[in-house]
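Visitor: Okay, here's the prediction I keep looking at, along with the sequence it came from:
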Amino acid sequence: EHLQDGVVNKMKEIIQEIKRSATITLLIVFGIIFLFVGLANVIDVVIGFKGIGFLCIGLIVMFIGFFLNVLTRRS
């Protein structure tokens with residue numbers, strides 16, 4: 001019974017850590033999304049063409065994704 005209580009307590013700790021990590025990850029992702037949207041709006045205003053900022057930010061994020069894919073690809 002003592003062993004079972006230890007396992008149950010460890011599982012509760014693991015679940016709590018997963019919830020904490022998921023919450024932090026979601027907040028960071030939402031922050032990055034708002035950062036990119038704001039930056040795209042600023043580029044739109046500076047350049048003067050509607051939508052060009054979103055195009056630029058989208059291309060940059062896409063290339064970062066491709067770059068990370070190449071770096072993490074297993075041989």
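Guide: Perfect, thanks for sending it.
Visitor: any idea which element the most centrally placed residue in the chain lies in?
Guide: By Cα atoms, centre = their mean, the chain has its centre lying nearest to residue 29, at 3.6 Å. When secondary structure is defined by DSSP states H and E, residue 29 falls within helix 2-47.
Visitor: And the residue nearest to the centre of the chain, how far from residue 67?
Guide: Using Cβ to Cβ, to the nearest Å, we find residue 29 at a distance of 19 Å from residue 67. Glycine gets a C-beta too; all of them are placed from N, C-alpha and C.
Visitor: cool, residue 5 as well?
Guide: Applying Cβ to Cβ, the value for residue 5 to residue 67 is 48 Å.
Visitor: For the spatially closest residue to residue 53 that is not a sequence neighbour, give me its contacts.
Guide: Nearest-residue entry for residue 53: residue 43, 3.1 Å, with adjacent residues in sequence omitted and distances by Cβ to Cβ, 6 or more residues apart in numbering. Listed by Cβ atoms under 8 Å, 6 or more residues apart in numbering, the contact set of residue 43 reads 52, 53, 56, 57.
Visitor: can you tell me which of those residues lies nearest to residue 39?
Guide: Taking Cβ to Cβ as the measure, residue 39 sits nearest to residue 57 out of those, at 5.9 Å.
Visitor: Give me the distance between the closest one and residue 42.
Guide: From residue 57 to residue 42 the distance is 10 Å (Cβ to Cβ).
Visitor: So those two - more neighbours on which side?
Guide: Set side by side, residue 57 and residue 42 show unequal neighbour counts under other Cβ atoms under 10 Å, the larger going to residue 57 at 18 against 11.
Visitor: Quick one: residues contacting that one.
Guide: Contact analysis of residue 57 by Cβ under 8 Å, 6+ apart lists 36, 39, 40, 43.
Visitor: Pull the contacting residues for the first one.
Guide: To tie it back to what came earlier, the one meant is residue 36. Remark: with contacts taken as Cβ under 8 Å, 6+ apart, residue 36 is in contact with 57, 61.
Visitor: Please repeat the previous calculation with a cut-off of 10 Å.
Guide: 53, 54, 57, 58, 60, 61 (Cβ atoms under 10 Å, 6 or more residues apart in numbering).
Visitor: Fine by me, thanks again.
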